[in-house]
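Colleague: Please find the sequence and the predicted model below.
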2 protein chains.
Amino acid sequence: MHNVRPYTKLWVEREGTVVLSTWRVELLEAVDRAGSLSAAARQLRVPYRTAWSRLKEMEQHLGMKLLERHAGGPSGGYSELTAEGRQVVAKFHRVVAGVTELVDRRFRQEFGQR
Amino acid sequence: MHNVRPYTKLWVEREGTVVLSTWRVELLEAVDRAGSLSAAARQLRVPYRTAWSRLKEMEQHLGMKLLERHAGGPSGGYSELTAEGRQVVAKFHRVVAGVTELVDRRFRQEFGQR
């Protein structure tokens, strides 16, 4: 049982649709960093259409606006997370962090190593 | 945020190979119930070859014998979990149970419902 380690994947569903996952949260963070959904899609190497439909699914099922578009300026505007969107991202990270830590601890307790 | 709920998947790897997962543990339990790897493969609707190679991978990477074959008798013998195999299955279930419970609790704390 050397070099054996546990992995977890955590996601949130509503009525059979994934509304939060590591990838979806990465997408939101990438938009916030890059300033647009199209730039975020390029960074994550997915078609714009995929990024757009995942975002709309999340907004619809969570019942909140996650991104806000600021128009104008020399750069032609930018998108960023709304306050609510920022909170959801932080909450998801906190749940994942707590779980990863617990899994490691429980795994060591049961399997006696790491 | 109504009807929103968290899901987790937990698995154990060694050097890039999955050695324990919900499906793999189900396979072991199915052999123990059904008495043979071929009956277990039929129950889980996978080719015998798949079941056999998953079992061998687990045994090799965990460094233990998981199944034991008892030959003879009118039924032509049967397979069951070894004592070590039984322990691994029980440990995996305990880790999963603890994690599922914690995820639900953390999720409620962060997202304020369920």
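Modeller: The structure has been received and is ready for your questions.
Colleague: So which bits of the longest helix along chain A are buried?
Modeller: In chain A, ranked by residue count with DSSP state H as the criterion, the top helix is helix A:83-111. Residues of helix A:83-111 classed as buried by neighbour count (16 or more other C-beta atoms under 10 Å in any protein chain shown): A:85, A:88-89, A:91-92, A:95-96, A:98-99, A:102-103, A:106-107, A:110-111. To be clear about C-beta, it is placed using only N, CA and C from the backbone, and glycine gets the same treatment.
Colleague: now stretch A:2-21
Modeller: Judged by neighbour count using 16+ other C-beta under 10 Å, the buried positions of stretch A:2-21 are A:4-6, A:8, A:10-14, A:18-21.
Colleague: Same question for stretch A:59-74.
Modeller: A:59, A:61-62, A:66-67.
Colleague: Please apply the same query to stretch A:29-47.
Modeller: A:29-32, A:34-37, A:39-41.
Colleague: The most centrally placed residue in chain A: what secondary structure?
Modeller: Residue closest to the mean C-alpha point of chain A, counted by C-alpha atoms, centre = their mean, is A:Val25 at 0.9 Å. Here A:Val25 is recorded as helix under DSSP: H, G, I helix; E, B strand; the rest coil.
Colleague: Look up how far A:Glu110 lies from it.
Modeller: Going from A:Val25 to A:Glu110 by C-beta to C-beta, to the nearest Å gives 29 Å.
Colleague: Flag every residue of chain A that's near chain B.
Modeller: Contact residues (C-beta under 8 Å from any C-beta of the partner chain) of chain A with chain B: A:1-15, A:19, A:61-63, A:91-92, A:94-95, A:98-99, A:102-103, A:106-107, A:110-111.
Colleague: Quick check: neighbours of the lengthiest strand in chain A in the sheet, parallel or antiparallel?
Modeller: In chain A, with assignment by DSSP state E, the single longest strand is strand A:4-14. Strand pairing for strand A:4-14, using DSSP bridges, gives strand A:17-21 (antiparallel), strand B:4-14 (antiparallel).
Colleague: Can I get it as PDB, trimmed to CA atoms?
Modeller: Provided in PDB are the C-alpha atoms of strand A:4-14 (Å, rounded to 0.1, in the frame of the first residue of the first chain):
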ATOM      1  CA  VAL A   4      -1.500   5.000  -2.600                       C
ATOM      2  CA  ARG A   5      -3.500   8.200  -2.300                       C
ATOM      3  CA  PRO A   6      -7.100   9.300  -2.400                       C
ATOM      4  CA  TYR A   7      -8.800  11.600  -4.900                       C
ATOM      5  CA  THR A   8     -12.100  13.300  -4.800                       C
ATOM      6  CA  LYS A   9     -14.300  15.100  -7.200                       C
ATOM      7  CA  LEU A  10     -17.000  17.400  -5.900                       C
ATOM      8  CA  TRP A  11     -19.800  19.000  -7.900                       C
ATOM      9  CA  VAL A  12     -23.200  20.500  -7.300                       C
ATOM     10  CA  GLU A  13     -26.400  19.600  -9.200                       C
ATOM     11  CA  ARG A  14     -29.900  20.900  -9.500                       C
END
